[in-house]
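**Student:** I'll drop the sequence and a predicted model, then ask my questions.
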Amino acid sequence: MDYTQLGRTGLKVSRLVLGTMNFGPVTDEADSHAIMDAAHTAGLNFFDTANVYGWGENKGRTEEIIGSWFAKGGGRREKTVLATKVYGDMAEWPNNNRLSALNIRRAADASLKRLRTDHIDLYQFHHVDRNTPFDELWQAVDVLVQQGKILYAGSSNFAGWHIARANETAARRGSLGLVSEQCLYNLMERRAEMEVIPAAQEYGVGVIPWSPLHGGLLGGALRKEREAAGRRSASGRAAEALKNTARREQIQAYEDLCAKGGYEPGEVALAWLLTRPGVTGPIVGPRTAEQLESALRALDLSLSEEFLAELDGIFPGTGPSPEAFAW
């Protein structure tokens, strides 16, 4: 396993991040525990979750599954860089969502209880809260840091200017500020390259791409569609994209290129992200141990400059801002 620093911090994290969103809704507790054990065996130390995972009436269930895994001992908690998130609705009563100082501190305590731990390594804001000033947000974070309940703060789904404003506000307060940003970033969705990633690099913020396979679209969706012979169809983001003829042709070109190189499409999509400037590591969300094994193989995949250029030809990037739209 290769490790890297998380942004400008001294924290070492694995180049792949174990996403746990499927734990509970899709993968039962026993299998979830087995996947986390397999991740540790492979050297993967960076686990990501959120307080709302479990969804619906089961919000918080994913954190509980991780907590029960930590409770088994054996150094499981000590070996894990634990990241969770705050923002989503956890109850219908006011102040049980978003990023008010009240909710941040209340949600952190609730996550700690579910996770059965005394601290969160990386506490992330799941979305920008336009109704809460960054001074209030950092006031709450500073208290949690002083109490030893969290170590670092990160963001998710922030625009480039949000990252800048958040960190400038933190600097004025003498706080560390954001050290990571989770954003939607993959071969098909490269808009983060315009401003989010340049802002993150400028401020020493590690980039953690989510949905690296774009909802499965980059995981061999067309091949799987043919193999299923109509028995199972794509869903979510992949299903919507495959309705578009131009997108289908683009994905077909991608799968043909991967086949020519003897590569699995999903592994190429992950390996490509690992070549991108500013990227700490993509989040992989395996439903099974086999899917985790496939993701880990991407770490050993070395893509040539010629192959990378062909990928750019199929999935052209947006270019940096302001050149992308101004010149």
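**Tutor:** Structure received. Residues are numbered from 1 along each chain as shown.
**Student:** use CA for all of it now, contacts and neighbours both
**Tutor:** Will do.
**Student:** Let me see the ranges of the helices in the stretch 51-200 of the chain.
**Tutor:** Defined through DSSP state H, counting those that start in this stretch, the helices belonging to the stretch 51-200 of the chain, from first to last, are 61-70, 101-115, 134-146, 160-173, 196-202.
**Student:** okay if I get those helices as TSV plus mean neighbour count, mean pLDDT and distance to residue 238?
**Tutor:** Output for those, formatted as TSV (neighbours: other C-alpha atoms under 10 Å; pLDDT from 0 to 100; distance: least, C-alpha to C-alpha, whole Å):
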stretch	mean neighbour count	mean pLDDT	distance to residue 238
helix 61-70	23	98	24
helix 101-115	19	98	32
helix 134-146	18	98	35
helix 160-173	17	98	26
helix 196-202	20	98	24
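**Student:** Output those as JSON lines; include the columns distance to residue 49.
**Tutor:** Formatted as JSON lines, the entries for those read as follows, by distance: least, C-alpha to C-alpha, whole Å:
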{"stretch": "helix 61-70", "distance to residue 49": "7"}
{"stretch": "helix 101-115", "distance to residue 49": "10"}
{"stretch": "helix 134-146", "distance to residue 49": "18"}
{"stretch": "helix 160-173", "distance to residue 49": "21"}
{"stretch": "helix 196-202", "distance to residue 49": "21"}
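**Student:** Longest helix in the chain, please.
**Tutor:** Across the chain, the helix with the greatest residue count (assigned by DSSP state H) is helix 245-261.
**Student:** Quick one: mean pLDDT for that helix?
**Tutor:** Here the mean pLDDT over helix 245-261 is 96, rounded to a whole number.
**Student:** The following helix or strand past it - contacts with which helices or strands?
**Tutor:** For helix 245-261, the succeeding helix or strand toward the C-terminus, using DSSP states H and E, is helix 265-274. Counting contacts by 3 or more C-alpha pairs under 8 Å, 6 or more residues apart in numbering; DSSP states H and E, helix 265-274 is packed against helix 245-261, helix 289-297.
**Student:** Please compute how far the helix or strand following helix 265-274 lies from its chain's middle.
**Tutor:** Once the chain leaves helix 265-274, the next helix or strand it forms, by DSSP H and E, is strand 283-284. Per C-alpha atoms, centre = their mean, to the nearest Å, the displacement of strand 283-284 from the mean C-alpha position of its chain is 6 Å.
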